[in-house]
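*Asks:* Just a sequence and a predicted model for now, questions to come.
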Amino acid sequence: GNSVTQMEGPVTLSEEAFLTINCTYTATGYPSLFWYVQYPGEGLQLLLKATKADDKGSNKGFEATYRKETTSFHLEKGSVQVSDSAVYFCALNPSSSASKIIFGSGTRLSIRP
Amino acid sequence: ETGVTQTPRHLVMGMTNKKSLKCEQHLGHNAMYWYKQSAKKPLELMFVYNFKEQTENNSVPSRFSPECPNSSHLFLHLHTLQPEDSALYLCASSHQAEPSYNEQFFGPGTRLTVL
């Protein structure tokens, strides 16, 4: 079956620290992979995506590379800011049906000034 | 208005009440979704509509009744809910339910509390 596993939070970092949030997936076929972010009091927003192996998605200083060999899509940022505090969701979209986006359980990130 | 809007943003209701949640998308999309987000649980897909036709119902109890009168509007009618139904209800839309890489755009959600 299809599933997403991401590291449990909360993750607390100091401003300007390096961030990694791990995400691994299980899927049949060739899924598309996403990172969504949910700021306090808001809905989910697409942060970045990758649709095939070795693709790198990037946005707002965040990056994630689609690694088929390790079935991973880890989220990284070189220098986090207080405004990056949010909940981050890794997700996959199996190639068979766009309606069945599978979300991870979310990782809460808190950045200290 | 742009994007996906949801009203009301907060709702408190008793178990015998009937209420409705509204979602509207201004993106020209033709697929719309209802999700339930509960604390410490993964996001749960409830319903999917594609071109106004319901294409997915993930074993949702009948006390939740969706309605999609057109591609821009989606409702979730609620009646005789239980306290465990308290959650954030998120609406999303996408250009179409196929092909698979289309991203979904989310509204801000309705925070529902059932007393």
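*Replies:* Sure thing, it's come through. Numbers count the residues shown, from 1 in each chain, chains lettered A, B, ... in the order given.
*Asks:* any chance you could map the strands in chain A?
*Replies:* For chain A, the strands defined by DSSP state E occupy A:3-6, A:11-14, A:19-21, A:23-26, A:32-38, A:44-50, A:56-59, A:62-65, A:75-77, A:86-93, A:102-103, A:107-112.
*Asks:* Check the ones you listed for me: which has the lowest mean pLDDT.
*Replies:* For the strands of chain A, the weakest mean pLDDT is recorded on strand A:102-103, namely a mean of 88.
*Asks:* Need the residues that contact that strand.
*Replies:* Applying CB atoms under 8 Å, 6 or more residues apart in numbering or on different chains, the external contacts of strand A:102-103 come out as A:2-4, A:36, A:89-94, B:42-43. Every C-beta, even on glycine, is put in place using the N, C-alpha and C of the backbone.
*Asks:* and of the strands of chain A, who's closest to B:Q82?
*Replies:* With distances scored as CB to CB, the stretch of the strands of chain A nearest to B:Q82 is strand A:102-103 (23.6 Å).
*Asks:* Could you look up the SS state of B:K40?
*Replies:* B:K40 falls in the coil class when you classify it by DSSP: H, G, I helix; E, B strand; the rest coil.
*Asks:* Reformat the strands of chain A as CSV; add mean neighbour count and distance to B:H73.
*Replies:* Compiled in CSV, these are given as follows (neighbours: other CB atoms under 10 Å in any protein chain shown; distance: least, CB to CB, whole Å):
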stretch, mean neighbour count, distance to B:H73
strand A:3-6, 18, 30
strand A:11-14, 14, 38
strand A:19-21, 18, 35
strand A:23-26, 19, 33
strand A:32-38, 25, 24
strand A:44-50, 20, 20
strand A:56-59, 15, 30
strand A:62-65, 20, 33
strand A:75-77, 20, 34
strand A:86-93, 24, 24
strand A:102-103, 20, 24
strand A:107-112, 16, 32
